[in-house]
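Participant: With the sequence up front, the predicted model follows.
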Amino acid sequence: MPSPAKIAAAVREEFLHAWNGYKKFAWGHDQVLPVSGGYNEFFADGHPIGLSIIEALDTHYLLGLDQELAISKKWITSELSLDIDADFHVFEAIIRVVGGLLSGYMTTRDSKLLDLAVDAADRLMPAFTKSPTGMPYTQCNMATGEVHGNTPPLAEIGTNILEFGMLSKLTGDSKYYDAAKKAYRAAMTQVSPIGLLPTYLDVETGLPTDGTDQAPNPPVDSFYEYLWGGWTMFGDRELLTWYRQTTAAILKHMAVRSGGHLWFQQVDYKTGKPTGSSASELAAFYAGLLGKGGDLTDGDAYYDSWTSVLDKYPVLPEEIDYSTGAVTSASNNMRPEYVNSSFDLYQKTRHPKYRATAYQYFIGMKNLRVANGYTIANDVTTSPMQLGDLTQAYWFSENMKYLYLTFADTPRYDYRTGYLTTEGNIIRGVR
Ligand code: DMJ
């Protein structure tokens, strides 16, 4: 393995390679199609918000790309308007837009970015305030505040307390934190006697619309991540209690050993009866979360489970059935969760294994490299790999930041106190 400094420099170079592809073909649009040279919009067709620019802001800062940060900030502060008469997906808009602008503010201290983050949050607030239970509707029109979509999954109910909590801190207005907490509280009333939760809740009745707990898989994943994050960032003990209770129940009723590895089965949330054995790549973040929460044994074991998949395929497939080892969804969406855990566990332990495997992930990612950037893959099981045509906007916020921070030892990040959101946005620890 090359030296950490050399790997960090290579990560920075590869980030720039993809960023240049975005600038060349898609500047001002949400996402680049690096193979065909086109672009698409993530939230609403015909309504670009420069999502990749927003997502990349704090990555530019941390990687020392100050010129790129300056042009990005200039575009956002002079071009971005969120007065858009279209439905935005509330969860995605909070973690990507509010979070991206917030971390842009944290790294530049330009108050216009904070104003825009507040504007985005205020436009999304009706999703919470119009709901009888406080759990957010899934869609909100950014211009009219009209809402719809009344059965969000847990991740969409709970993944907002970091962004909203920071906004309350920075503006002095508690309404954001209060809205996030109210949503969490409404969901937690549905915990079953054995400590588990269903996946979907109706925001109008407050009741479940299904009976399965699928933690730590999507679409419930970051519900648990933000219980821990909310406690760490804001010292809210109730969130810690909820994290401890739900985590203990997940480990008791859902953790299984299969093929010598730790996995999590899907179960009936009332009885604990097993209902499935699928493992989404998105759940790989849970290794790092368990570690951050103090359970390094299970965190490390779950990380090893995903490393065993990475040993088979140079980039991880979207989903497997852990009981048979079969790939059940062969695409790769440039997901960051595995390397998110490498970063978290390396911070906690400084064990060289996490750096070695993060490097393995980085090298495998070269399979997704094309002339103008990096792309998703349609099938990771074929050789050569069948590629698609999209650079996910979150890649500019997450994958390369986790890799860079794992190897760079940059003075711009406080490794002791730093905290990143589920979208990899820095909300504490900017130096
Ligand atoms: C990102 O938007 C976030 O990491 C989210 O928590 C899960 N999905 C994507 C990346 O896979």
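Facilitator: Perfect, thanks for sending it.
Participant: tell me which parts of this structure are close to the ligand?
Facilitator: Neighbours of the ligand within the chain, by C-beta under 6 Å from any ligand atom: 95, 222, 282, 335-336, 394, 398, 422-423. For glycine as for every other residue, the C-beta is placed from the backbone atoms N, C-alpha and C.
Participant: again, only using 8 Å
Facilitator: Counting by C-beta under 8 Å from any ligand atom, the chain comes close to the ligand at 92, 95-96, 155, 159, 218, 221-222, 225, 281-282, 285, 333, 335-337, 340, 392, 394, 398, 422-424.
Participant: Next, count neighbours for the residue lying closest to Phe128 once chain neighbours are set aside.
Facilitator: Spatially, and ignoring its direct neighbours in sequence, Phe128 is nearest to Ala179 (4.2 Å; C-beta to C-beta, 6 or more residues apart in numbering). Residues contacting Ala179 under the criterion other C-beta atoms under 10 Å number 22.
Participant: Renumber starting at 770 from here on
Facilitator: Okay, using 770 as the starting number, the last item reads as Ala948.
Participant: Test my guess that Ala948 contacts Gly903.
Facilitator: Yes. Under the criterion of C-beta atoms under 8 Å, Ala948 makes contact with Gly903 at 6.9 Å.
Participant: re earlier: which ones are touching the residue nearest to Phe897?
Facilitator: Ala948 makes contacts with 894, 897-898, 903, 929, 933, as judged by C-beta atoms under 8 Å, 6 or more residues apart in numbering.
Participant: Any chance of the backbone angles for it?
Facilitator: phi -60, psi -40 (degrees, to the nearest 10).
Participant: and the gap between it and the ligand?
Facilitator: The gap separating Ala948 from the ligand is 19 Å, by C-beta to the nearest ligand atom, to the nearest Å.
Participant: and if you look at Leu996?
Facilitator: Relative to the ligand, and taking C-beta to the nearest ligand atom, Leu996 is found at 14 Å.
Participant: my read: that residue touches Leu1008, true?
Facilitator: Yes. At 5.0 Å, Leu996 counts as touching Leu1008 under the criterion of C-beta under 8 Å.
Participant: For the residue in the stretch 820-969 of the chain positioned nearest to the ligand, which non-adjacent residue is closest in space?
Facilitator: The ligand sits closest to Ile864 of the stretch 820-969 of the chain, with a gap of 5.9 Å, by C-beta to the nearest ligand atom. Spatial nearest neighbour of Ile864, chain neighbours left out: Glu1192 (4.3 Å); criterion: C-beta to C-beta, 6+ apart.
Participant: now the strands for the stretch 870-1019 of the chain?
Facilitator: Using DSSP state E, counting those that start in this stretch, the strands of the stretch 870-1019 of the chain run over 908-910, 916-917, 981-982.
Participant: Can I get those in TSV including mean neighbour count and mean pLDDT?
Facilitator: TSV is the format used below for these (neighbours: other C-beta atoms under 10 Å; pLDDT from 0 to 100):
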stretch	mean neighbour count	mean pLDDT
strand 908-910	20	98
strand 916-917	17	98
strand 981-982	23	98
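Participant: OK, contacts around the nearest residue to Tyr1082 once chain neighbours are set aside?
Facilitator: Spatial nearest neighbour of Tyr1082, excluding adjacent residues (C-beta to C-beta, 6+ apart): Val1149 at 4.9 Å. Residues near Val1149 by C-beta under 8 Å, 6+ apart: 1082-1086, 1096, 1099-1101, 1136.
Participant: what does Leu966 give?
Facilitator: So Leu966 contacts 923, 956, 959-960, 982, 984, 989, 992, 1015, 1038 (C-beta under 8 Å, 6+ apart).
Participant: Of those residues, just the buried ones, ChimeraX syntax please.
Facilitator: Selection of buried members from those for ChimeraX, criterion 16 or more other C-beta atoms under 10 Å:
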select :923,956,960,982,984,989,992,1015,1038
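Participant: picking up where we left off before, ok, so of the contacts of Ala948, who is nearest Leu970?
Facilitator: Gly903 (11.2 Å; C-beta to C-beta).
Participant: Within its local environment, how many residues does the closest residue to that closest one other than its chain neighbours see?
Facilitator: Counting by C-beta to C-beta, 6+ apart, Gly903 lies nearest to Lys951, which is 3.5 Å off, once chain neighbours are set aside. By the criterion of other C-beta under 10 Å, Lys951 has 17 neighbours.
Participant: Which residues are in contact with the residue of the stretch 870-1019 of the chain found nearest the ligand?
Facilitator: Across the stretch 870-1019 of the chain, no residue is closer to the ligand than Ser991, which sits at 4.6 Å (C-beta to the nearest ligand atom). Applying C-beta under 8 Å, 6+ apart, we find Ser991 in contact with 864, 924, 927-928, 1054, 1191.
Participant: Ser1046 now?
Facilitator: 1027, 1032, 1034-1035, 1090-1093.
Participant: what's it sitting at in phi/psi?
Facilitator: Dihedral angles (degrees, to the nearest 10) for Ser1046: phi -140, psi 40.
Participant: Next, the closest residue to it other than its chain neighbours: secondary structure please.
Facilitator: Leaving aside its chain neighbours, Ser1046 sits nearest to Ser1092 (4.0 Å; criterion: C-beta to C-beta, 6+ apart). Applying DSSP: H, G, I helix; E, B strand; the rest coil to Ser1092 yields a three-state assignment of coil.
Participant: I'd say Ser1092 and His1030 touch.
Facilitator: No. With contact defined as C-beta under 8 Å, Ser1092 does not count as touching His1030 (10.9 Å).
Participant: now the helices for the stretch 1070-1200 of the chain?
Facilitator: Secondary structure of the stretch 1070-1200 of the chain (DSSP state H, counting those that start in this stretch): helices located at 1106-1118, 1121-1134, 1162-1166, 1168-1177.
Participant: May I see the ones you listed organised as TSV, with mean neighbour count, mean pLDDT and distance to Gly914 added?
Facilitator: Listed next are these as TSV, based on neighbours: other C-beta atoms under 10 Å; pLDDT from 0 to 100; distance: least, C-beta to C-beta, whole Å:
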stretch	mean neighbour count	mean pLDDT	distance to Gly914
helix 1106-1118	24	98	33
helix 1121-1134	18	98	40
helix 1162-1166	27	98	25
helix 1168-1177	26	98	33
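Participant: Please work out which residue of the chain is closest to the ligand.
Facilitator: Closest point on the chain to the ligand, by C-beta to the nearest ligand atom, is Thr1191, at 3.7 Å.
Participant: quick one on the thing from earlier: could you dump the contacts of Ser1046 to JSON lines with neighbour count and pLDDT?
Facilitator: Shown next, in JSON lines, are those (neighbours: other C-beta under 10 Å; pLDDT from 0 to 100):
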{"residue": "Ser1027", "neighbour count": "16", "pLDDT": "97"}
{"residue": "Trp1032", "neighbour count": "22", "pLDDT": "98"}
{"residue": "Gln1034", "neighbour count": "21", "pLDDT": "98"}
{"residue": "Gln1035", "neighbour count": "18", "pLDDT": "98"}
{"residue": "Asp1090", "neighbour count": "15", "pLDDT": "98"}
{"residue": "Tyr1091", "neighbour count": "21", "pLDDT": "98"}
{"residue": "Ser1092", "neighbour count": "16", "pLDDT": "98"}
{"residue": "Thr1093", "neighbour count": "11", "pLDDT": "97"}
